[in-house]
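Peer 1: I would like the atomic coordinates for the input below:
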Amino acid sequence: MAKIVNITNGTGTAQLINDTYTVEANVNGFDNTTIDPNSVTIDQVTNSYNFTIAANGTLTLHVTEEGTAGGTPIVGATFIRTDSTGTEYGNAITTDSNGDAVFNNVPFAATNAPVIYYKQTASDGDHEFDSNVQNTTMTTNTSTVEIQNQVGATRTINLTDANYSNLPIETAELTLTN
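Peer 2: This next block holds a predicted model:
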């Protein structure tokens with residue numbers, strides 16, 4: 001007899017008797033043939049069972065100063081996959097010489113595609129970036145999102161003598177490290 005287990009936020013429950021079951025997946029956006037394990041033996045001792053499933057889409061985050069396909073690429077910007085709350089998963093990826101950071105094995109579907117969450121964790125040190133959680137959906141197996149990292153704004157740094165109010169220091173060098 002088939003038992004359907006509805007999964008929400010990675011977890012589901014079902015009343016199952018001790019037996020061996022064949023496991024089939026129906027997960028929108030993922031390769032359902034990759035369910036692992038595809039067979040499970042339910043026994044009287046164990047009450048929790050773990051499964052994995054894989055996706056095979058490719059999401060490219062293209063980072064430029066202008067946020068356009070032909071813009072000046074940013075090398076060294078880093079991103080990581082997250083959930084909607086910002087909890088990080090997997091390894092960070094970094095933009096290459098073309099400004100591309102590539103997430104492999106992400107879900108896609110022509111309709112009702114799962115939401116893919118990610119956030120930028122750094123840029124190259126010369127550009128501003130948005131560290132908020134971002135998201136996208138993919139309706140094909142490859143997709144590119146254009147991301148802008150603007151050049152840091154020009155700031156005026158003033159240095160005056162502490163003992164003589166407003167007397168500018170003629171020559172100096174300050175090092176600001178973040």
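
Peer 1: before we move on, which element is the residue of the chain most remote from its centre in?
Peer 2: Distance to the chain centre peaks in the chain at Tyr164, reaching 51.9 Å (criterion: CA atoms, centre = their mean). Tyr164 belongs to no helix or strand when assigned by DSSP states H and E.

Peer 1: outline the domain layout of this protein.
Peer 2: For the chain, automatic domain parsing gives the domain ranges 19-54, 57-148.

Peer 1: export only the CA atoms of stretch 148-161, formatted as CSV.
Peer 2: What follows is stretch 148-161, C-alpha atoms only, in CSV (Å, rounded to 0.1, in the frame of the first residue of the first chain):
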residue,chain,number,x,y,z
GLN,A,148,25.3,45.8,-9.5
ASN,A,149,28.2,46.5,-7.2
GLN,A,150,28.8,50.3,-7.5
VAL,A,151,32.2,51.8,-6.9
GLY,A,152,32.5,53.1,-3.4
ALA,A,153,31.6,56.8,-3.1
THR,A,154,34.4,59.4,-3.0
ARG,A,155,34.7,60.5,0.6
THR,A,156,36.5,63.6,2.0
ILE,A,157,38.8,62.9,4.9
ASN,A,158,40.0,65.9,6.9
LEU,A,159,43.0,65.8,9.3
THR,A,160,43.6,68.8,11.6
ASP,A,161,45.9,69.5,14.4
